[in-house]
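any chance you could fold what I've pasted below:
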Amino acid sequence: MESPFVTATTWSSLGEGRYRGDIRPEWFQGRGAYGGMLGGSLLRSMMRELNDPARAPRSLTVHFCAPVSEGEALLAVRVERAGRQVTHLSARLEQAGQVACLASATFAISRETPLVYDEARPPRVPPPSDVTPVPSEVLPTFGAQFDFRWCVGAAPYSGAAEARSGGWIRPCVPTPLDAPLVVGLLDAYPPAALSRVNGFCNGATMDYTAHFYAPLPLAQAAPDAFYLRTGHSRHASEGYADDLAELWSESGQLLAQLRQMAAVFPATR
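Now for the predicted structure:
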């Protein structure tokens, strides 16, 4: 079966760095489309425009300027600078003639280096087979596309003493892990800050930046593998909260990281 995430993030090329996509309702979250799918679309289009597998994505930043509605959207990619080892690209997503997302990404070849270490360690959690799947009825609409197994921190709006959240996750349809899917998985769980809120409130992503630490696609992982997505927040004030998410392989390798700025505001506003 064709991967719904790959389909949703692979837009039609119109030439000269322009792409067209169809935003479908099954990828929605509240008022607009799910940010992980949008970020994956922006990144995949930049990868296609660059067309250089040796230059792997190292970082991606996306600013969410407005909710993206159902229907047609257009995406424009531009190569800002191409050096001997590093290329910088930008992209903008527009709908009805208005900008909805702005993105930039850094691509670079692997370098020889004397500095190699990995001291990152995931939290201790039960294996995914021992964790009950989250029912799709309690998830946002796009959540039906993923197999969620919550095992880190507290549920959103539960008034927890600590802002931590996350668990195992994978697409419902087996999909090899590439950089766009990494973005999708990192953004799939709600911001950890919401676990400290007593009762429902609104939240929206202002922007996020992802950093990629492993060669992708992840060759040694099966298409139906689970990944551990952890998140925590250390600061919230004036209606905004930070969020640091990490994505780990089942073997405990840190694959990528995403830092997000989320707006948090009363449900009545």
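
sketch out the low-pLDDT regions of this protein for me.
268-269 (pLDDT under 70).

any idea how far the residue nearest the centre of it is from Ser59?
Centroid check for the chain by Cα atoms, centre = their mean gives Val183 as the closest residue, at 2.9 Å. When distance is defined by Cβ to Cβ, to the nearest Å, Val183 is 11 Å away from Ser59. For the C-beta atoms, the positions are set from N, CA and C on the backbone; glycine is no exception.

touching both of these two, which residues are there?
Common neighbours of Val183 and Ser59, counting by Cβ atoms under 8 Å, 6 or more residues apart in numbering, are Ala210.

how far away is the closest residue to the residue nearest to the centre of the chain other than its chain neighbours from Ala8?
Nearest non-adjacent residue to Val183, counting by Cβ to Cβ, 6 or more residues apart in numbering: Gly39, 4.4 Å away. Remark: distance between Gly39 and Ala8 (Cβ to Cβ) = 12 Å.

identify the contacts common to the two.
By Cβ under 8 Å, 6+ apart, no residue touches both Gly39 and Ala8.

quick one, which of those two is more surrounded?
When Gly39 and Ala8 are compared for neighbours, Gly39 comes out ahead with 29 against 25, by other Cβ atoms under 10 Å.

hmm, that one is touching Tyr208, no?
Yes - in this structure Gly39 lies within contact range of Tyr208 using Cβ atoms under 8 Å: 7.2 Å.

which residues do those two both contact?
Contacts common to Gly39 and Tyr208, judged by Cβ under 8 Å, 6+ apart, are 62, 187.

thinking again about what came up before, the residue nearest to the centre of the chain and His211, how far apart?
From Val183 to His211 the distance is 11 Å (Cβ to Cβ).

just Glu162 next, same as before
Looking at Glu162 against His211, where the rule is Cβ to Cβ, the gap reads 24 Å.

and for Arg196?
25 Å.

remind me which helix or strand Val77 belongs to.
In this structure, Val77 sits in strand 71-82 according to DSSP states H and E.

and that strand, which residues are buried?
73-77 (16 or more other Cβ atoms under 10 Å).

next secondary structure element downstream of that strand?
Next element after strand 71-82 (DSSP H and E): strand 86-95.

strand 71-82 and that following strand, what's the angle between them?
Strand 86-95 and strand 71-82 are oriented at 160 degrees to each other (axes from the mean of the first three to the mean of the last three Cα atoms, to 10 degrees).

so in that sheet, which strands flank the helix or strand following strand 86-95, and in what orientation?
Using DSSP H and E, the next helix or strand after strand 86-95 towards the C-terminus is strand 98-108. Strand pairing for strand 98-108, determined by DSSP bridges: strand 56-64 (antiparallel), strand 86-95 (antiparallel).

closest to Ile169 out of those?
strand 56-64 (18.8 Å; Cβ to Cβ).

how much space is there between Gln29 and Phe64?
In this view, Gln29 and Phe64 are 11 Å apart by Cβ to Cβ.

tell me where the stretch 151-269 of the chain has strands.
Secondary structure of the stretch 151-269 of the chain by DSSP state E, counting those that start in this stretch: the strands cover 164-171, 202-212, 227-232, 236-237, 240-248, 254-265.

may I see those strands arranged in JSON lines, with mean neighbour count and distance to Ile23 as well?
Formatted as JSON lines, those follow (neighbours: other Cβ atoms under 10 Å; distance: least, Cβ to Cβ, whole Å):
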{"stretch": "strand 164-171", "mean neighbour count": "23", "distance to Ile23": "19"}
{"stretch": "strand 202-212", "mean neighbour count": "18", "distance to Ile23": "16"}
{"stretch": "strand 227-232", "mean neighbour count": "23", "distance to Ile23": "24"}
{"stretch": "strand 236-237", "mean neighbour count": "13", "distance to Ile23": "30"}
{"stretch": "strand 240-248", "mean neighbour count": "21", "distance to Ile23": "23"}
{"stretch": "strand 254-265", "mean neighbour count": "19", "distance to Ile23": "21"}
